[in-house]
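3D, please:
(2 chains)
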Amino acid sequence: MSETDIGLWGVPLAILGGAIRVSTPFLLVSVGECLTERSGRINLGLEGTLVFGAMSGYAIAYQTGSPWLGVIAAAIAGAAFGFAHGWMCKLPRVNDIAIGISLMILGMGLAFFFGKPYIQPVAPDLPSISFGWWADLPQVQAALRINVLFLLAIVVAILMARMFRTTRIGLMVRVVGDSTDAARALGFHPDRVRLFSTAVGGALAGVGGAYLSLYYPGSWNEGISSGQGLMAVALVIFARWNPVSCIWAALLFGGAGALGPALQSIGVTQGYYLFYAAPYVLTLGVLIATSSTSRAMAGAPGALSITK
Amino acid sequence: MSIDLASGAGSETAVREWLEKAARNAEGFVIPVGALIAGLAVFGLFLLFLGKSPFDFYALVYKAGFGTAFSWENTLSRTAPLLLAALCVALPARLGLVVIGGEGAIVLGGVAAGAFAMVASELPGPAGMVGMALFAACAGGIWIGLVGALRHLRGVNETISSLLMAYIAIAIMNHLVEGPFRDPASLNKPSTEPLFESWRIGSMPGFDVHWGLAVGVVACIVSWILIERTSWGFAARIAGGNVRAAQVQGLPVGRLIIGFTALGGAFAGIAGMIEVAAVHGSANGSLAAGYGYTGILIAFLARHNPLAIIPVAILLAGFEASSGLVQRRMDLPDATVLVLQGFVFVAILLSDALYGRFKLFQPELWRRA
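Predicted coordinates for the structure are as follows:
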């Protein structure tokens, strides 16, 4: 493919394409975490789940030759981590934030432990759909090559928003998340609802990990995730616990993440590392802007420990 | 209280009181130690499952971490940053805050020390060391103090913000070390200019462990006195138990939060300075070695008690010191220590569910007996 020179226009285009590519794991993790937090728990261990999902997805895709089996394996692994988190938080006096930190360390440890032999081999990539067939410029075509998992994540986000609004299960999750006592009075089992919400959240985070290792950046190594799982947790707060808002928030964060590589591609090397810090700075800024000491955050589930 | 030691009834009362007190205190010791052993046992099963011998593993850890004078020196040299990193978790934890971004304060402390050495190179050695320590403490203290300030002023969750700021700190370090503060002579591994020999922290007399260990132990003792024996520490413990009650009592909760987080950050910053001045000789990417994350586990295992941090940090330093040998002898990947830490961490958190469950530890049992 011959790169046509389009000068500085390459930057916004690269950021757009990058935003879609980079945002997919953010979106998957944050939609999953959205469900978990709506049920009244916070799972900070998703960073570990993401890394373990990336490893298991890559390993299975390499062993079987099918990237989709890899995605399924990553989802199962993620659900297992979610189940572990949900089960442990059921115990009295066990803190969900601290358990999340420990599972983050355990998940990364296990991923690096078992992933060592898979750093060299090349696994098959996930397919992507080209939406840029109408354009002549290769840069536009590159920007509009969209992975199936991104579309899947958007469908999941929209369905989840509908589920919260119109279905019995969605209502149950919301009641459990807003008041444990009210949920018990209605005959729901808060611990069970949270267990399954955390498990589904973990499965989505695992799929997010598989996207990282099987599509973009598309290889498995120990530096594959640098806080994406954690940023996604903060992103849920920014999106006000609304799955559809998670889409826009994820695209914004993805754009910030694509800033560094986009500037580098046109030869800006000054402050290279600082541009890489842009998503973290953005997350922190968003947290500062949206938090408050005096009032509960709008849309926050009442039983969530992070907002108390 | 007057106890008549001559009469049998009196001494029996004294024994009962002692038993009551012992039962109350034993719970906080027996449960964490039991959880540690359980975590190590689960890791042993994990190894067994993979066809490796857990007995060989722990024997090698003992040999390489604690078996000889040399291995003790190696272990103790690694203990210094862990002590200070654990304090960065334990001090805010007494106020009920879970700060997990100590790694950021360590790298910024190290860079601040390296930068100070570059601009004030005409100072004599001892003044240089003090200057580096002060600079590093300020950098780390401001960084983690900011986490506390955001928590108090804006209600920003300190766990997430501290970890985000750790990533930002590492980016700042990479930027400074590869840009403005780079020593042009450092080709393969961008670093600040190497410290003069007179600025380096040397070994303590008698054995080959640098003075950083003494600094770490003193910091733990000072922290313990601060928390357990001063009115500041008392106020912090009240605020950690119930913020509203503390505010109603008129305690300066905001100043306590910012003060304790800043102090923890200052200790972590000094850990970075010690790494630069005693180990690496210049500030570079090696500063982000994960000490901040191991410190989280140490603080939780020690139940945020600064004195208990000392033995726990030595134990975990032993595991890290032995990891090289274990990897080579048993053909295990370098993430083995991380997996072990993960299992132990989960076990210690699960053990929180056990408090108050055992009759043995309840004072009433011994009162009735």
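
Check which residues of whatever helix or strand A:L195 lives in are buried.
Element membership for A:L195 (DSSP states H and E) is helix A:190-214. By 16 or more other Cβ atoms under 10 Å in any protein chain shown, the buried positions in helix A:190-214 come out as A:190-191, A:193-214. In this view, the C-beta of every residue, glycine as well, is placed from N, C-alpha and C.

average pLDDT for the helix or strand following it?
Sequence order places helix A:228-238 as the next helix or strand after helix A:190-214, per DSSP H and E. For helix A:228-238, mean pLDDT is 87.

Any buried residues in helix A:228-238, and which?
A:Q228, A:G229, A:L230, A:M231, A:A232, A:V233, A:A234, A:L235, A:V236, A:I237, A:F238.

And chain B, is the next helix-or-strand element following that helix touching that?
The helix or strand immediately downstream of helix A:228-238 is helix A:243-265, counting by DSSP H and E. No: judged by Cβ under 8 Å from any Cβ of the partner chain, helix A:243-265 and chain B are separated, with a smallest distance of 9.8 Å.

angle of helix A:243-265 against helix A:228-238?
Angle of helix A:243-265 versus helix A:228-238, following axes from the mean of the first three to the mean of the last three Cα atoms, to 10 degrees, is 130 degrees.

could you dump helix A:243-265 to PDB, C-alpha only?
Provided in PDB are the C-alpha atoms of helix A:243-265 (Å, rounded to 0.1, in the frame of the first residue of the first chain):
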ATOM      1  CA  PRO A 243     -23.900   1.600  29.100                       C
ATOM      2  CA  VAL A 244     -24.600   3.800  26.100                       C
ATOM      3  CA  SER A 245     -22.600   6.700  27.500                       C
ATOM      4  CA  CYS A 246     -19.800   4.200  28.000                       C
ATOM      5  CA  ILE A 247     -19.500   4.100  24.200                       C
ATOM      6  CA  TRP A 248     -18.800   7.900  23.900                       C
ATOM      7  CA  ALA A 249     -16.500   7.800  26.900                       C
ATOM      8  CA  ALA A 250     -14.600   4.900  25.500                       C
ATOM      9  CA  LEU A 251     -14.100   6.600  22.200                       C
ATOM     10  CA  LEU A 252     -12.900   9.800  24.000                       C
ATOM     11  CA  PHE A 253     -10.400   7.700  26.000                       C
ATOM     12  CA  GLY A 254      -9.400   5.800  22.900                       C
ATOM     13  CA  GLY A 255      -8.700   9.100  21.100                       C
ATOM     14  CA  ALA A 256      -6.500  10.200  24.000                       C
ATOM     15  CA  GLY A 257      -4.700   6.900  23.800                       C
ATOM     16  CA  ALA A 258      -4.100   7.300  20.100                       C
ATOM     17  CA  LEU A 259      -2.700  10.800  20.500                       C
ATOM     18  CA  GLY A 260       0.900   9.600  21.200                       C
ATOM     19  CA  PRO A 261       1.200   7.200  18.300                       C
ATOM     20  CA  ALA A 262      -0.600   9.700  15.900                       C
ATOM     21  CA  LEU A 263       1.900  12.500  16.700                       C
ATOM     22  CA  GLN A 264       4.800  10.100  16.500                       C
ATOM     23  CA  SER A 265       3.700   9.100  13.000                       C
END
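
And for that helix, what's in contact with it?
Helix A:243-265 has contacts (Cβ atoms under 8 Å, 6 or more residues apart in numbering or on different chains) with A:10-11, A:14-24, A:26-27, A:30-31, A:34-35, A:154, A:156-158, A:160-161, A:164, A:231-232, A:235-236, A:238-239, A:272, A:275-276, A:278-279, A:282-283.

Next one: residue 17, what pLDDT does it get?
By default, I'm working from chain A. The per-residue pLDDT reported for A:G17 equals 82.

Hmm, no, I was thinking of chain B.
84.

In three-state terms, label it for me.
helix (DSSP: H, G, I helix; E, B strand; the rest coil).

Need phi/psi at A:R145.
phi -80, psi 110 (degrees, to the nearest 10).

roughly how far apart are it and chain B?
29 Å (Cβ to the nearest Cβ, to the nearest Å).

was I right about that residue contacting A:F131?
Yes: between A:R145 and A:F131 there is a contact under Cβ atoms under 8 Å: 7.4 Å.

Which helix or strand lies directly C-terminal to the helix or strand harbouring B:I296?
Counting by DSSP H and E, the element that carries B:I296 is helix B:291-301. As assigned by DSSP H and E, the chain's next helix or strand after helix B:291-301 is helix B:306-330.

and that next one, what other elements does it pack with?
When contacts are defined as 3 or more Cβ pairs under 8 Å, 6 or more residues apart in numbering or on different chains; DSSP states H and E, helix B:306-330 sits against helix B:54-62, helix B:69-93, helix B:212-229, helix B:291-301, helix B:336-350.

Please work out which of these is packed deepest.
helix B:291-301 (a mean of 27; mean count of other Cβ atoms under 10 Å in any protein chain shown).

so does that helix get close to chain A?
Yes: if you take Cβ under 8 Å from any Cβ as the test, helix B:291-301 does meet chain A, through B:Y293, B:I296, B:L297, B:F300.

Show me the contact partners of stretch B:212-232.
B:76-77, B:79-84, B:87, B:90-91, B:94, B:201, B:204, B:233, B:236-237, B:256, B:259, B:263, B:267, B:270-271, B:274, B:278, B:305-307, B:309-310, B:313.

Break down the stretch 1-150 of chain A into its helices, ranges please.
A:10-38, A:46-64, A:67-89, A:96-115, A:138-143, A:148-166 (DSSP state H, counting those that start in this stretch).

Just tell me which of those helices ends up closest to chain B.
helix A:96-115 (2.8 Å; Cβ to the nearest Cβ).

Now do the contacts for the closest residue to A:A277 other than its chain neighbours.
Once flanking residues are discounted, A:A277 sits nearest to B:A171: 3.5 Å by Cβ to Cβ, 6 or more residues apart in numbering or on different chains. B:A171 is in contact with A:Y273, A:L274, A:Y276, A:A277, A:Y280, counting by Cβ under 8 Å, 6+ apart.

Go again with 7 Å.
With contact set as Cβ atoms under 7 Å, 6 or more residues apart in numbering or on different chains, B:A171 has these partners: A:Y273, A:L274, A:Y276, A:A277.

Measure how far the helix or strand where B:W232 lies is from the centre of its chain, please.
Using DSSP H and E, B:W232 sits within helix B:231-241. Taking Cα atoms, centre = their mean, to the nearest Å, one finds the center of helix B:231-241 at 20 Å from the center of the full chain.

Quick check: buried residues in the helix or strand that that helix is followed by?
Per DSSP H and E, the first helix or strand lying C-terminal to helix B:231-241 is helix B:243-248. For helix B:243-248, burial by neighbour count (16+ other Cβ under 10 Å) applies to B:A246.

now swap in stretch A:151-165 and tell me
Buried, per 16+ other Cβ under 10 Å, within stretch A:151-165: A:L152, A:A153, A:I154, A:V156, A:A157, A:M160, A:A161, A:M163, A:F164.
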